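Chemist: The following comprises the amino acid sequence and a computationally predicted model.
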Amino acid sequence: MNNPGPAILTQLRAVVGAEWLLTDADALARYGVDQTTVYSARPCAVALPADVGQVQALVRCAAEHHLAVVPSGGRTGLSGGAVATHGELVLALDRLDHVEDFNPIDRTVRCGAGVVTQQLQAFAAEQGLFYPVDFASSGSSQLGGNIATNAGGIKVIRYGSTRDWVRGLRVVTAAGELLDLNRGLVKNNAGFDLRHLIIGSEGTLGVVVEATMRLARPPTDLAVLLLGAQDMEALLVILQAFREPIPLTACEFFSDRALARVLERHALARPLDAEAPCYALLEFERDNGAAVDNALQVLERCMAQGLLLDGVVSQSLAQADALWRLRELISESLAPWVPCKGDLSVRVSQLPAFMAEVDNTLGRRYPEFELIWFGHLGDGNMHLNILKPAAMGVEAFQQRCIALMQCVGEIVQRYGGSLCAEHGVGLLKKDGLRYSQSQTEIQLMKQIKRVFDPQGILNPGKIFD
Ligand SMILES: Cc1cc2nc3c(=O)[nH]c(=O)nc-3n(C[C@H](O)[C@H](O)[C@H](O)COP(=O)(O)OP(=O)(O)OC[C@H]3O[C@@H](n4cnc5c(N)ncnc54)[C@H](O)[C@@H]3O)c2cc1C
């Protein structure tokens with residue numbers, strides 16, 4: 001239904017209270033979009049429920065009137081998953097921000113869907129523990145959004161994605177019923193684990209209202225190593241050499257072009273004496289200095305073999321932070337070029353051949369575009385950013401990028417990779433789904449969607465039509 005009448009808005013208002021059903025233009029514009037810049041926000045209203053009961057009542061009301069609902073978290077998504085363009089009701093979980101029932105024996109804590117990722121990280125630290133899912137937008141993104149996108153980030157190589165930290169999930173179905181999935185259990189092989197179907201479903205199967213999250217032992221005394229190499233192939237050999245003796249907590253990649261934009265925008269000095277086309281940032285626990293000694297030995301060996309052009313190990317927390325900033329500042333340093341963003345993954349071993357093929361093919365067909373690579377080397381997830389040439393209009397650029405991404409999709413498909421590595425499909429990547437999932441898989445997904453949401457009111461048009 002588009003634009004529900006006043007009677008339905010009155011009903012929704014009665015659920016949350018007048019103050020928490022927003023219909024002013026500013027709120028609709030703010031809550032109707034995420035970090036994608038290509039969609040115009042057009043929700044009918046924004047509801048901010050105070051508790052699980054209100055979420056159920058809102059969804060029941062929406063179901064009764066065939067009103068589409070867009071679950072919304074911190075709206076840091078990069079695929080248009082939380083975008084409302086067709087008069088939908090935005091269901092913003094901001095007020096479900098409770099953190100309770102911490103259990104030190106189970107090492108779990110129960111969180112509302114609206115808890116900001118960084119809030120959970122801070123809570124874990126207060127208990128002497130660690131919540132390891134982390135990325136540049138964790139100061140704004142919410143747990144519900146992280147779960148709905150199965151967010152990854154910079155520590156996946158050691159700790160996995162959000163999925164690995166969800167012990168239990170409470171979900172409101174499209175009929176307004178409450179599912180209490182897995183209830184914090186470590187072992188539970190009682191049939192299908194619906195929890196894992198909800199994780200990564202981008203608000204299309206249910207509204208996540210609460211999650212029981214697992215916490216970890218915190219890493220101690222981290223060191224950061226920045227390495228410069230001639231090419232990706234050398235970088236993979238180097239990575240293998242470091243991985244053998246040293247358990248890494250992060251392994252990130254950026255190209256010289258990505259680094260140049262960061263240094264220029266933030267007026268920073270070059271981190272290494274020698275210039276290199278490719279950089280890897282490795283993080284590991286010092287292990288009372290033993291790991292650093294190991295790292296220095298591997299570094300020397302790789303230099304002697306001519307694999308490594310230059311490298312530096314952080315000597316202090318401040319230096320480690322400064323090296324991390326070179327990676328963390330890339331996205332915002334590229335923002336002025338309104339880049340078209342590819343979120344690609346292949347198996348780690350295939351990265352050199354895959355990236356070279358994308359570079360060569362796009363270089364031939366789109367010589368006017370600058371390509372910038374950075375991403376999560378340790379798990380094979382690369383963010384390909386294509387910068388808009390200054391002389392090209394935004395719309396013309398976006399049109400060109402549709403064809404360009406199809407070309408990238410065909411390469412991804414040949415490598416058995418994915419065009420939606422960690423940011424989800426949303427609206428933006430729907431066309432990309434066919435490059436990594438077979439028609440049979442897509443048909444099964446559509447059937448599952450119909451089982452969970454027969455009326456199609458939960459985030460319609462996202463992932464697939
Ligand atoms: C600078 C920057 C860096 C980033 N880096 C990374 C990264 O390294 N790794 C990574 O994985 N992502 C990254 N992202 C993307 C984004 O931050 C993640 O996808 C994040 O998990 C989205 O959370 P959110 O709360 O902002 O969700 P939103 O953007 O609000 O929503 C995302 C999706 O989840 C659904 N949703 C939200 N809340 C709920 C709920 N309670 N129940 C059901 N569905 C819900 C929405 O409908 C939508 O489909 C980055 C984004 C930015 C801007």
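Modeler: That came in fine, so what should we check first?

Chemist: Confirm that Asp180 sits in a strand.
Modeler: Yes. Counting by DSSP: H, G, I helix; E, B strand; the rest coil, Asp180 falls inside a strand.

Chemist: Quick check: residues of the stretch 101-250 of the chain near the ligand?
Modeler: When proximity is defined by C-beta under 6 Å from any ligand atom, the stretch 101-250 of the chain lies next to the ligand at 113, 135-137, 141-142, 144-146, 148-149, 151-153, 202-203, 207-208. Placement of C-beta: from N, CA and C, glycine included.

Chemist: out of those, which are inside helices?
Modeler: Among those, the residues falling in helices (DSSP state H) are 144-146, 148-149.

Chemist: Wait, Met355 touches Met382, no?
Modeler: Yes. Assessed by C-beta atoms under 8 Å, Met355 is found in contact with Met382 at 6.7 Å.

Chemist: list residues touching both of these two?
Modeler: Residues touching both Met355 and Met382 (C-beta atoms under 8 Å, 6 or more residues apart in numbering): Trp373.

Chemist: any idea which helix or strand comes after the longest helix along the chain?
Modeler: As assigned by DSSP H, the longest helix anywhere in the chain is helix 394-414. Using DSSP states H and E, the helix or strand that follows helix 394-414 towards the C-terminus is helix 433-436.

Chemist: ok, the helix or strand that that following helix is followed by near the ligand or not?
Modeler: Per DSSP H and E, the first helix or strand lying C-terminal to helix 433-436 is helix 439-452. No. Helix 439-452 lies apart from the ligand when judged by C-beta under 6 Å from any ligand atom; the minimum separation is 11.8 Å.

Chemist: Name the residues that touch helix 439-452?
Modeler: By C-beta under 8 Å, 6+ apart, the residues outside helix 439-452 that reach it are 173-174, 197, 204-206, 433-434, 437, 456, 458, 463-464.

Chemist: same question, stretch 9-23
Modeler: Stretch 9-23 has contacts (C-beta under 8 Å, 6+ apart) with 28, 31, 44-50, 54, 57-58, 61, 65, 89, 95.

Chemist: End to end on it, go ahead and measure it.
Modeler: Distance between the boundary residues of stretch 9-23 (C-alpha to C-alpha, to the nearest Å) amounts to 9 Å.

Chemist: Same question for that stretch: list its buried residues.
Modeler: Within stretch 9-23, the residues that count as buried by 16 or more other C-beta atoms under 10 Å are 9, 11-13, 15-16, 20-22.

Chemist: where along the stretch 201-350 of the chain do the helices fall?
Modeler: Per DSSP state H, counting those that start in this stretch, the stretch 201-350 of the chain carries helices over the ranges 232-243, 256-266, 290-304, 317-328, 330-334.

Chemist: what's the closest of the ones you listed to Tyr279?
Modeler: Of all the helices of the stretch 201-350 of the chain, helix 256-266 sits nearest to Tyr279, with 6.3 Å by C-beta to C-beta.

Chemist: Please work out the angle formed by the directions of that closest one and helix 317-328.
Modeler: Helix 256-266 and helix 317-328 are oriented at 110 degrees to each other (axes from the mean of the first three to the mean of the last three C-alpha atoms, to 10 degrees).

Chemist: Who are the packing partners of helix 256-266?
Modeler: Here helix 256-266 touches strand 278-285, helix 317-328, helix 330-334, strand 370-376, going by 3 or more C-beta pairs under 8 Å, 6 or more residues apart in numbering; DSSP states H and E.

Chemist: Contacts for it, please.
Modeler: Against helix 256-266 from outside (C-beta under 8 Å, 6+ apart): 268-271, 275-279, 325-326, 329-330, 332-334, 370-374, 385.

Chemist: Could you pull out the buried residues of that helix?
Modeler: Buried residues in helix 256-266, counting neighbours by 16+ other C-beta under 10 Å, are found at 257-259, 261-263.

Chemist: Over to stretch 168-182?
Modeler: Neighbour-count burial for stretch 168-182 flags 168-174, 176, 178, 181-182 (criterion: 16+ other C-beta under 10 Å).

Chemist: end to end, how far does it reach?
Modeler: Stretch 168-182 has an end-to-end distance of 5 Å (criterion: C-alpha to C-alpha).

Chemist: go on, stretch 87-105?
Modeler: Stretch 87-105 has its terminal residues 46 Å apart, counting by C-alpha to C-alpha.

Chemist: shaky segments in the protein?
Modeler: For the chain, applying pLDDT under 70 flags the ranges 1-2.

Chemist: how is it carved up into domains?
Modeler: 6-95, 99-214, 222-331, 338-440 (automatic domain parsing).

Chemist: gap between the two ends of the shortest one?
Modeler: With C-alpha to C-alpha applied, domain 6-95 spans 25 Å between its terminal residues.

Chemist: And the last one, by the same measure?
Modeler: Using C-alpha to C-alpha, the gap from the first to the last residue of domain 338-440 comes to 35 Å.

Chemist: How far away from the center of its chain is that domain?
Modeler: Distance of domain 338-440 from the chain centroid (C-alpha atoms, centre = their mean, to the nearest Å) equals 16 Å.

Chemist: How about the second one?
Modeler: When distances are taken as C-alpha atoms, centre = their mean, domain 99-214 is centred 14 Å away from the chain's centroid.

Chemist: Just the terminal-to-terminal distance for it.
Modeler: Domain 99-214 has an end-to-end distance of 13 Å (criterion: C-alpha to C-alpha).

Chemist: Name the residues of the stretch 301-450 of the chain found near the ligand, please.
Modeler: Of all the residues in the stretch 301-450 of the chain, those in contact range of the ligand (C-beta under 6 Å from any ligand atom) are 331, 422-423, 426.

Chemist: if you set the cut-off to 8 Å instead, what comes out?
Modeler: 331-332, 376, 422-424, 426 (C-beta under 8 Å from any ligand atom).

Chemist: what comes into contact with stretch 49-63?
Modeler: Counting by C-beta under 8 Å, 6+ apart, residues outside stretch 49-63 touching it are 8, 11-12, 15-16, 20, 47, 67-69, 89, 91, 93, 95-96, 170, 172-178, 207, 209-210, 455, 457.

Chemist: Going by neighbour count, list what's buried in that stretch.
Modeler: For stretch 49-63, the neighbour count (16+ other C-beta under 10 Å) marks 49, 52, 54-63 as buried.

Chemist: Quick check, the residue in the stretch 201-350 of the chain closest to the ligand?
Modeler: Proximity of the stretch 201-350 of the chain to the ligand (C-beta to the nearest ligand atom) peaks at Gly203, 3.0 Å away.

Chemist: residues touching that residue, list them.
Modeler: With contact taken as C-beta under 8 Å, 6+ apart, Gly203 is in contact with 70-71, 81-82, 148, 458-459, 462.

Chemist: Just the buried positions in the helix or strand hosting Thr361, please.
Modeler: Assessed by DSSP H and E, Thr361 sits inside helix 351-365. Within helix 351-365, the residues that count as buried by 16+ other C-beta under 10 Å are 351-352, 354-355, 358, 362.

Chemist: related to what we said a few turns ago, dump the domains of the chain into TSV; add distance to Gln447 as well.
Modeler: What follows is the domains of the chain, written out as TSV (distance: least, C-beta to C-beta, whole Å):
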stretch	distance to Gln447
domain 6-95	20
domain 99-214	12
domain 222-331	36
domain 338-440	11
